[in-house]
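Enquirer: structural data only, the sequence is not supplied:
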Ligand code: HT7
Ligand code: ZN
């Protein structure tokens, strides 16, 4: 497989104005008749041949303007259909046979259990029919779907239902028309025996929209939360972005076999059932929040992605970064803004920064790829959203909204680029984003090294800021970026007023204690006047830029920020930094053969937090959750190499010390945070459960007797959040017998609920101890596991590789071999999932000694296999470079 490059982009030689598709669905194949109204693109080079994309298709016939083509008039390869000579405008008709039943890649048209469904983004449509499968070719679609009426009573596609007919052979047909021209990746079809819940929404312009969520009959009671989330999203997009829904129908369908979370097909969103179905008994608080966020995300794509789409797949972040930013703001408005920010910053720092430091590092707008499916990444999505957030910060809310209005107005119905988005923001605001554009083209995580210098006599404080960015594959030298650095100065009695030298106070903000510094140079100094006391700088407030911040805070300064800063993110970050410095110290003691001693300053600061009933319990929980072993390993790798065992031992020692030191406070917190109202996934209850269940984790470590609390909670829990939290504690900290009993009882209780059983698989994947790998291998054979289902693979195999570091990195290399075997088994069957599973192995350079060597050896073994899919090939070859 070879790479394609952004610099090689050319407009399509042909455009398709109208696409008519007729599907005949049968039990062992499907027939697809396509009629394409094509014309030469006046903006392209003249004289090019017509080359359509097509994969795994059996061409039955082809006609041009009604005339059947002879064999020598066209040519086929594995991926293309070329017609040598065509007029400037014509109709092309093809009939193809496909086999959805055998399609295990879950791209194109496939079967999930009893239903037919599609997934066309990014390049799946070419597995349905011959087409110009690229996002800058937009057509109006008319689709008819015919199938057996008893097995598939529901037949759906995009747009409006314009006709239906019962046929005499037990079959029926539905006709759909989508008036909005769209690229093929937004096409969708569903046929199945589905039930629906129905509701309606009246738009700000008075349009009555019929809303439906289609599910299997057994799941009808799990749709309310998604429906409510949909209506909230529709209102929010009107109020915050002025975006109104544009059709009379909005459908969501839940499917069990799905490679990602959901898909924003025009008016027919298809969801992984794990991202739409909810009930208090079967879904955790986190699950409820995920459903709300993903429903919103897909809905918001109707404007940011569908009405205005991407010119090519290098621009993926145009729709994904912007839409993630939009959904993050929506979630912040629906719940706790600070907690949401902390959660997002955690994902960035633990996972996206790791991607930036790994062999697949790429800018949010990649320059090249072999397989675009490999670029649905945290970088494109989450860092892309951070880049949009920085534009929001630099322009401020009002100008940002003007920019977004201009962008939608200017480009409605077009396929455009990230550059078009930035230009709209500049044009609407007058802000120059020239240097800022580097965020789109430069990969890697910038480092801001900051130090402060206080001159007591002059009452002057100097903040020296240096920015740098480590090299990434193919990008050795980095240019300085425009980085918005939000900050304040903390004094003994709170925030100090900020007076930047040579700059008049800003009369508009009214707040003279908070500033956004514009860092533009490799080295820059900001001078503050009239600073009456030596301050502690409060930096990167609100995680104002996706950078690593380095400032040599003392532990005392971190305690001050953690307890007294105005900004929730900075308070949380200070707690994390304090914990990390203690963890590193303890790891050093362990490696030096000394008994671990945990700094009492840290233990006391945590206890004070826990005892302060005035604080938001959700934030206290976030602050007292220690950084994970994976994140510690990433940081250790930057210092020369991670040692999985000592990291684990250090973390366990610090957890235990904190558990024992604050045992009474943990017990009090556990008792105080009981939720007595009926379950609701709302902020106050979620916060209480979060802190209570964290307390349970610490209590189980403080003393084995406290496992009794977990067992009692497990037996009496009235919701999945509490039951699963208790199960995790028992399976991590209980005896073998206690663990087995709880796991068995959980399975007996929930065996008919697929999504709960997946959680059960994931809990077991993380069970510590030598037996872990054997247990996971055993579960591959369990009736509850199915290698064809991505959710189950993610739960069990992903759960082991990412959630059980000590056993995944076991000294005999068995964990790596196990993961390699699964990747090998999925390489052809489901390349997207196989490729994603490779991620933990690609980090081999982070691990000191034999572990890194064995990880690399497993990658080399895989790389030598015949018939690698492009997805797996790309990740392997880049990881071994
Ligand atoms: N835009 C959607 C992307 C997507 C996808 C991509 C590759 C393979 C399968 C997929 N399923 C969905 C999801 C989103 O960002 O909204
Ligand atoms: Zn998206």
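Expert: Received it, and whenever you're ready, just let me know what you need. As the structure is a computational prediction, the values presented were derived from the model and not from experiment. Numbering: from 1, shown residues only. Ligands and ions are numbered 1, 2, ... in the order given.

Enquirer: what about stretch 65-81, distance to the chain center?
Expert: Put simply, stretch 65-81 sits 41 Å off its chain's centre (C-alpha atoms, centre = their mean, to the nearest Å).

Enquirer: how about that stretch: buried residues?
Expert: Of the residues in stretch 65-81, those with enough neighbours to count as buried (16 or more other C-beta atoms under 10 Å) are 69, 74, 81. (Each C-beta comes from the backbone N, C-alpha and C, glycine too.)

Enquirer: what's the pLDDT at the residue in the chain that ligand 1 sits nearest to?
Expert: Per C-beta to the nearest ligand atom, residue 260 is where the chain lies closest to ligand 1, at 3.5 Å. In this model, residue 260 is scored at 98, pLDDT.

Enquirer: how many neighbouring residues does it have?
Expert: Residue 260 sits with 18 neighbouring residues when counted by other C-beta atoms under 10 Å.

Enquirer: residue contacts, it?
Expert: 272, 376 (C-beta atoms under 8 Å, 6 or more residues apart in numbering).

Enquirer: the residue of the chain most remote from its centre in helix, strand or coil?
Expert: Ranked by distance from the centre of the chain (C-alpha atoms, centre = their mean), the top residue is residue 457, with 50.5 Å. Recorded secondary structure, residue 457: coil (DSSP: H, G, I helix; E, B strand; the rest coil).

Enquirer: with the one 5 residues further on instead?
Expert: In terms of secondary structure, residue 462 is strand; the call rests on three-state DSSP.

Enquirer: now the nearest residue to it once chain neighbours are set aside: which helix or strand?
Expert: Counting by C-beta to C-beta, 6 or more residues apart in numbering, residue 453 is the residue found nearest to residue 462 once chain neighbours are left out, at 4.4 Å. Assigned by DSSP states H and E, residue 453 falls within strand 447-455.

Enquirer: avg pLDDT for that strand?
Expert: Computed over strand 447-455, the average pLDDT equals 98.

Enquirer: ok, now stretch 410-418?
Expert: 99.

Enquirer: buried ones in that stretch?
Expert: Neighbour counts over stretch 410-418 (16+ other C-beta under 10 Å) mark 411, 415-418 as buried.

Enquirer: who in the stretch 251-400 of the chain is up against ligand 2?
Expert: Proximity of the stretch 251-400 of the chain to ligand 2, by C-beta under 5 Å from the ion, involves residues 320, 323.

Enquirer: show me where the stretch 251-400 of the chain has helices.
Expert: Using DSSP state H, counting those that start in this stretch, the helices of the stretch 251-400 of the chain run over 285-300, 316-334, 337-347, 353-356, 378, 384-395, 397-411.

Enquirer: give the burial count for residue 179, as a bare number.
Expert: Neighbours around residue 179, by other C-beta under 10 Å: 12.

Enquirer: let me redo that: residue 421
Expert: Residues lying near residue 421 (other C-beta under 10 Å) number 25.

Enquirer: so how far is the helix or strand it falls within from its chain's centroid?
Expert: Using DSSP H and E, residue 421 sits within helix 418-429. Remark: helix 418-429 is offset 25 Å from the chain centroid, using C-alpha atoms, centre = their mean.

Enquirer: that helix to helix 397-411, inter-axis angle?
Expert: Here helix 418-429 runs at an angle of 130 degrees relative to helix 397-411 (axes from the mean of the first three to the mean of the last three C-alpha atoms, to 10 degrees).

Enquirer: how about helix 418-429: buried residues?
Expert: 418, 420-426, 428-429.

Enquirer: give me the subset of the residues you listed touching ligand 1.
Expert: Taking C-beta under 6 Å from any ligand atom as the test, ligand 1 is in contact with none of these.

Enquirer: now the residues you listed as TSV including distance to ligand 2?
Expert: TSV is the format used below for those (distance: C-beta to the ion, whole Å):
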residue	distance to ligand 2
418	15
420	18
421	15
422	19
423	22
424	20
425	20
426	25
428	24
429	25
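
Enquirer: about what we covered before: okay if I get the buried residues of stretch 65-81 as TSV plus pLDDT and distance to ligand 2?
Expert: Formatted as TSV, the buried residues of stretch 65-81 follow (pLDDT from 0 to 100; distance: C-beta to the ion, whole Å):
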residue	pLDDT	distance to ligand 2
69	98	39
74	98	36
81	98	30
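
Enquirer: can you list which of the residues you listed are found in strands?
Expert: Among those, DSSP state E puts 74, 81 in strands.

Enquirer: between the buried residues of stretch 65-81, which is closest to residue 435?
Expert: residue 81 (45.4 Å; C-beta to C-beta).

Enquirer: residue contacts, that closest one?
Expert: Residue 81 sits next to 51-52, 54, 59, 62, 74-75, 94, 130 when contact means C-beta under 8 Å, 6+ apart.
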